[in-house]
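In: quick one, structure for this:
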Amino acid sequence: MNMIPPNASLVKYDNPVLVSRNNDKKTPRARALKTSPAPPQQTGGPVPNPPGKQKLAPVDAKAAQQTDEILNSILPPREWTESGQLWVQQVSSTPATRLDVVNLQEELDRRLQQRQARETGICPVRRELYSQCFDELIRQVTINCAERGLLLLRVRDEIRMTIAAYQTLYESSVAFGMRKALQAEQGKSDMEKKIAELEQEKRKLERDVNELKVAAGRHHSTKEIKIGD
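Out: Numbering: from 1, shown residues only. Model prediction:
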């Protein structure tokens, strides 16, 4: 019985494999390395290969093993727990055909529309789906040429680091803008308070000027009366 992984991906994976159960005492690595028991050895000389079946050359087996190791290093196996059981799903090592590439493109477009990804601007959904699509292309290329796949891995990591740098720069600029906005709001409040104090001082000075004018007018009138007498 194969379990469905927790989240579907555009990357092609093999069927999930049960690694451990609740009552298992072995470690997950030991369970993963467990294979079918070998047939008992027969004595009495070497046994010839069955007719119609030929052994693979050791070079081919070694190359296939190296390809699997490179694939697992580029795209690590997925692990999740279901009802207390640990499941592992490794990336597929099956070569891709032209039809697989066409289906990948159609599936990408379908998921972009299904998850309502934005066509422009910053969109985590669109970024996630395109990242999965790029990983699947790396998987397909690595199977045919491991060196080309490793080079694409460097390109992928460089793109991710660049995006992470831009994201950090964006977040810091947003934080800087928020601080400046708060400072401007605080400065506006202080300026309004200072304006109110200056207007109050202005009104006080205007009252003082009016009082001085009135006092000066009274003094001038008193002086004219004395001269008239």
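In: in this structure, what spans have low per-residue confidence?
Out: The chain contains residues with pLDDT under 70 at 1-7, 21-63, 223-229.
In: and the helices in it, which stretches?
Out: 28-32, 58-74, 98-114, 124-144, 146-228 (DSSP state H).
In: save these as TSV, and put in mean neighbour count and distance to G84 too.
Out: Every C-beta, even on glycine, is put in place using the N, C-alpha and C of the backbone. Shown next, in TSV, are these (neighbours: other CB atoms under 10 Å; distance: least, CB to CB, whole Å):
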stretch	mean neighbour count	distance to G84
helix 28-32	14	13
helix 58-74	13	25
helix 98-114	13	31
helix 124-144	18	29
helix 146-228	11	34
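In: and of the ones you listed, who's closest to D14?
Out: D14 sits nearest to helix 58-74 of all the helices of the chain, at 10.5 Å, using CB to CB.
In: ok, now which ones touch the closest residue to V101 other than its chain neighbours?
Out: Closest residue in space to V101, ignoring its immediate chain neighbours: Q140 at 7.4 Å, by CB to CB, 6 or more residues apart in numbering. If you count contacts by CB atoms under 8 Å, 6 or more residues apart in numbering, Q140 has them with P95, A96, D100, V101.
In: do V174 as well
Out: V174 touches nothing, counting by CB under 8 Å, 6+ apart.
In: so which of the helices of the chain gets nearest W87?
Out: So among the helices of the chain, helix 28-32 is nearest, using CB to CB, at 10.1 Å.
In: so what's A164 up against?
Out: No contacts exist for A164 under CB under 8 Å, 6+ apart.
In: quick one: closest of the helices of the chain to K12.
Out: helix 124-144 (6.3 Å).
In: and the closest one with helix 146-228, angle?
Out: Going by axes from the mean of the first three to the mean of the last three CA atoms, to 10 degrees, helix 124-144 is angled at 160 degrees with respect to helix 146-228.
In: let's have the chain start at 638 instead
Out: With the count now opening at 638, the last piece we talked about shows up as helix 761-781.
In: quick one: helix 761-781 to helix 735-751, angle?
Out: Using the same axes, to 10 degrees: helix 761-781 against helix 735-751 is 170 degrees.
In: to the chain's geometric centre, what's the distance from helix 761-781?
Out: Relative to its chain's centre, helix 761-781 lies at 14 Å (CA atoms, centre = their mean, to the nearest Å).
In: picking that back up, okay, the contacts of Q777 in a markdown table with distance to L787 next?
Out: Below are the contacts of Q777 laid out as a markdown table (distance: CB to CB, whole Å):
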| residue | distance to L787 |
| --- | --- |
| P732 | 17 |
| A733 | 18 |
| D737 | 21 |
| V738 | 21 |
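In: which one of the helices of the chain lies closest to L647?
Out: Short answer: helix 761-781, nearest of these by CB to CB, at 3.9 Å.
In: hmm, back to that, okay, the helices of the chain in a markdown table with distance to Y650 next?
Out: Compiled in a markdown table, the helices of the chain are given as follows (distance: least, CB to CB, whole Å):
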| stretch | distance to Y650 |
| --- | --- |
| helix 665-669 | 15 |
| helix 695-711 | 11 |
| helix 735-751 | 14 |
| helix 761-781 | 9 |
| helix 783-865 | 16 |
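In: wait, which of the ones you listed is closest to S657?
Out: The nearest among the helices of the chain, by CB to CB, is helix 665-669 at 5.0 Å.
In: any idea how far T779 lies from R764?
Out: 22 Å (CB to CB, to the nearest Å).
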